[in-house]
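> how does the following fold in three dimensions:
(chains A and B)
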Amino acid sequence: MSQQPVSPVRSLRVDRLYKEYTAGKPILSDISFEVSSKSSVAIIGPSGTGKSTLIRCVNKLIPPTSGTIYVSGENITDLHGAQLRRARRKIGMVFQEFNLVERLTVMENVLCGRLGYVSPLRAWLRRYPKTDIDMAFNLLESIGLIDFTRQRADSLSGGQRQRVGIARAIMQEPHVLLADEPTSSLDPKTSVEIMELLVSLTETHQIPLIINIHDVELAKRFTTRIIGIARGGIVFDGPPSELSNDHLQDIYGGENWLQ
Amino acid sequence: MSNTPATRDYGRPFRANWLARSGWLIALLYTLYAANLLDISWERFIVGLDNGAKFLGEMVPPNFSRWKLLIENLIETIEIAIIASAFGVLFSLPVGLFAARNLMPGWITWPFRTFIALCRSFHPVIFAILFVKAVGFGPLAGILTLIFASIGFIGKLFAEAVEEISLKPVEALRATGAPFMSVIIYGVLPQVLNRFIGFSSYQLDANLRNSTMVGIVGAGGIGGTLFSAFQRFDYDFLAAILISIIALVMVSEYISAQVKKVFQ
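Numbering: from 1, shown residues only, chains lettered A, B, ... in the order given. Presented below is the predicted three-dimensional model:
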């Protein structure tokens, strides 16, 4: 894992993003923020405010209604087809339910991160370039799953699966890593381990990290910046130390739960 | 808690479904009426049994003296089934994929779904008659018949299997920027491959059975010999043919069970 192209600075900029599923009822309105190099950002907010939608708008799995998205300075908003796929390679994604291909091996799942770089024929024949294979082995070593290389993904535990999911995203050599509730399907101890892994891997690879997360304590502990979303807009954007109970009350509503 | 009487009358705990009850009653009455109409009575059944006993008597012992013809016919039957299955499986993989509504837009799926529906709309015998008229007597008509039957069966079930897959890995692969074919190869096929092999081996089985039948209308295989044995009241040879068909089907079932074990 020696390749670390430092320039240009890896970054994500979201500019005035709107998303409405039904016209006139925006679920996200006027979202703007920027993340670059080593920073890690947590996005918090009540269920159903569109945190998942926001993350999927970034790589256009869900098309945004309006607004602009820049990855390392490149405007990807209007890309289609092959160009969009090339842009998606730069955006790694980690999912709540891991989204592994259960019947494939751990190695095959990790190499899925290279599918954007390899032709379908070579992928089908498992003829990945040597550098990809080496990178996968190194990553599996660093996430502690080297002994599971040839096992099927459905034989792993939840925490192990999420490690594979993270390795798959890192394999893309992304310019930004999006994590959608990466710990919500895991127990508290495993959640902490997964957060540690996410933060440490993105720091060593200098990838800006954006995490949707329900657990405010985890968010405060592992990230350097928190964005609070409520009622479709950003209502808080700052370091964890500035996030007060008043802000939380504003984001989630009510107060009894804060005792 | 035990035996505390309800504090007030809540009414009946289950709802009586009078619609279903009357439905059952009507079905029963119609069955009796139809049997009466077609003159299916106990006396008629006894007469039939008598006839059947005579027929069975003439079948014993089976006559294997023309075993050369029998083997020749069996080989042709197996050839028809295997060639038809190979091409049927080959064609139904893309047809099933293109007919899956969760992966393809409507303007692609509907022609393929229509094609599958056409393949399924006729019984193989009708297809066989059509193809005998179109390409002439012989195994080619039988092969074409069973190819269409295979596409109808495997294509439809495979499309349904694809429609039932989890889209989560598919989403993840799309997010990596993988091209469409790679998403299919890595995200879709692993989820459905063992079912596809199950359908295919079942269809090979069905094709073996059906290829014994297409010969009756002149489309090759052992069916033709079977039919002429019938017409010549050659019942002991008929018994030999039936026994060979049973043996063939049992062997094929054993083989397809072994194949499924390998791909579990």
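
> pLDDT score assigned to residue 173?
If you meant another chain, say so; for now it's chain A. A:Glu173 carries a pLDDT value of 94.

> wrong chain, I was asking about chain B
For B:Leu173, pLDDT reads 96.

> contacts only, for the closest residue to A:Val216 other than its chain neighbours.
Excluding the flanking residues, the one nearest A:Val216 by CB to CB, 6 or more residues apart in numbering or on different chains is A:Ile44, at 5.9 Å. Bear in mind the C-beta positions are built from the backbone N, C-alpha and C, glycine included. Counting by CB atoms under 8 Å, 6 or more residues apart in numbering or on different chains, A:Ile44 makes contact with A:51, A:213-214, A:216, A:219, A:226-229, A:251.

> so which residue is dead centre in chain A?
A:Leu178 (1.6 Å; CA atoms, centre = their mean).

> so that one bridges to which residues?
With DSSP bridges as the criterion, A:Leu178 is bridged to A:Met93, A:Ile210.

> residue contacts, it?
Neighbours of A:Leu178 in contact, by CB under 8 Å, 6+ apart: A:55, A:58-59, A:91-94, A:210.

> if we can go back for a sec, derive a ChimeraX selection command for the buried subset of the contacts of A:Ile44.
Provided next is the ChimeraX selection string for whichever of those are buried by 16 or more other CB atoms under 10 Å in any protein chain shown:
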select /A:51,213,216,219,226,227,228,229,251
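
> low-confidence ranges in chain A?
Counting by pLDDT under 70, the low-confidence segments of chain A come to A:1-8, A:259.

> what does it have sitting close to chain B?
When proximity is defined as CB under 8 Å from any CB of the partner chain, chain A approaches chain B at A:59, A:61, A:82, A:84-89, A:91-93, A:95, A:97, A:99-104, A:108, A:112-116, A:118-120, A:123-124, A:165, A:168-169, A:172.

> tell me which of those fall in helices.
In helices, judged by DSSP state H, the following of the residues of chain A next to chain B are found: A:82, A:84-88, A:108, A:120, A:123-124, A:165, A:168-169.

> identify the farthest-apart pair in these.
A:Ala82 and A:Gly165 (25.4 Å; CB to CB).

> what's the helix or strand where B:Ile80 lies packed up against?
Taking DSSP states H and E as the definition, B:Ile80 sits inside helix B:67-99. Judged by 3 or more CB pairs under 8 Å, 6 or more residues apart in numbering or on different chains; DSSP states H and E, helix B:67-99 is in contact with helix B:106-121, helix B:139-163, helix B:189-211, helix B:222-231, helix B:235-262.

> picking up where we left off before, which ChimeraX command selects the buried ones in the residues of chain A next to chain B?
Buried members of the residues of chain A next to chain B, defined by 16+ other CB under 10 Å, are picked up in ChimeraX with:
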select /A:59,61,85,87,88,89,91,92,93,95,97,99,100,101,102,103,104,108,112,113,114,115,116,118,120,123,165,168,169,172
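
> quick one: the residue most central in space within chain B from chain A, how far?
Geometric centre of chain B, nearest residue: B:Ala206, 5.6 Å, by CA atoms, centre = their mean. To chain A, B:Ala206 is 27 Å away according to CB to the nearest CB, to the nearest Å.

> ok, and the closest non-adjacent residue to that residue?
Nearest to B:Ala206 is B:Phe153, by CB to CB, 6+ apart, at 7.1 Å.

> so for that neighbour, what pLDDT did the model give?
At B:Phe153, pLDDT is 93.

> next, count neighbours for it.
B:Phe153 has 21 neighbouring residues, counting by other CB atoms under 10 Å in any protein chain shown.

> again with the one 4 residues further on
Per other CB under 10 Å, the neighbour tally for B:Leu157 reads 20.

> just checking, it touches B:Ile197?
No. If you go by CB atoms under 8 Å, B:Leu157 and B:Ile197 don't touch, sitting 11.9 Å apart.

> ok, back up a step: if I look at the residue nearest to the centre of chain B, how far off is B:Gly218?
Distance, B:Ala206 to B:Gly218, using CB to CB, to the nearest Å: 21 Å.

> again, but for A:Gln206
On the measure of CB to CB, A:Gln206 and B:Gly218 end up 74 Å apart.

> then A:Gly238?
The gap separating A:Gly238 from B:Gly218 is 84 Å, by CB to CB.

> next one: A:Leu121
44 Å.

> also B:Arg21?
Going from B:Arg21 to B:Gly218 by CB to CB gives 51 Å.

> residues in contact with B:Phe158?
So B:Phe158 contacts B:92-93, B:96-97, B:192, B:195-196, B:199 (CB under 8 Å, 6+ apart).

> and those residues as a markdown table, adding distance to B:Leu74?
Formatted as a markdown table, the contacts of B:Phe158 follow (distance: CB to CB, whole Å):
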| residue | distance to B:Leu74 |
| --- | --- |
| B:Ser92 | 26 |
| B:Leu93 | 29 |
| B:Gly96 | 31 |
| B:Leu97 | 35 |
| B:Val192 | 34 |
| B:Arg195 | 30 |
| B:Phe196 | 28 |
| B:Phe199 | 25 |
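
> can you report how many residues lie near residue 83?
Reading this off chain A. 11.

> could you do chain B instead?
For B:Ile83, using other CB under 10 Å, the count is 18.

> excluding its backbone neighbours, what's nearest it?
Per CB to CB, 6+ apart, closest to B:Ile83 is B:Ile143, 5.3 Å.

> ok, that neighbour touching B:Ser85?
No. Counting by CB under 8 Å, B:Ile143 does not reach B:Ser85; the two are 9.9 Å apart.

> the two: which has the busier surroundings?
Set side by side, B:Ile143 and B:Ser85 show more neighbours around B:Ile143, with 28 against 25, by other CB under 10 Å.

> for that one, give its distance to A:Asn256.
B:Ile143 is 74 Å from A:Asn256, by CB to CB.

> equivalent analysis for B:Ala34, please.
For B:Ala34, the distance to A:Asn256 - CB to CB - is 70 Å.

> between those two, tell me which one has more neighbours.
Counted by other CB under 10 Å, B:Ala34 and A:Asn256 do not tie: B:Ala34 has more neighbours, with 10 against 5.

> count of residues packed around B:Glu164?
12.

> list phi and psi for it.
Backbone geometry at B:Glu164, expressed as degrees, to the nearest 10, gives phi -100, psi 0.

> so where's the longest helix in chain A?
Across chain A, the longest stretch assigned as helix under DSSP H is helix A:188-204.

> contacts for it?
For helix A:188-204, using CB under 8 Å, 6+ apart, the contacting residues are A:1, A:38, A:40, A:94, A:142-143, A:158-159, A:162-163, A:166, A:170, A:177, A:179, A:182-183, A:186, A:207-209, A:211, A:215, A:218, A:221-223.

> same check, this time on stretch A:241-250
Counting by CB under 8 Å, 6+ apart, A:216, A:220, A:226, A:228, A:230, A:235-236, A:255, A:258 sit against stretch A:241-250.

> wait, which of these is closest to chain B?
Distance to chain B, by CB to the nearest CB, is smallest for A:Ile226 among the contacts of stretch A:241-250, at 24.2 Å.

> and that closest one, what helix or strand is that in?
Going by DSSP H and E, A:Ile226 is in strand A:225-230.

> B:Gly220: what secondary structure?
Using DSSP: H, G, I helix; E, B strand; the rest coil, the structure places B:Gly220 in coil.

> state the number of residues packed around it.
24.

> contacts only, for it.
Taking CB under 8 Å, 6+ apart, one finds B:76-77, B:80, B:137-143, B:211, B:214 in contact with B:Gly220.
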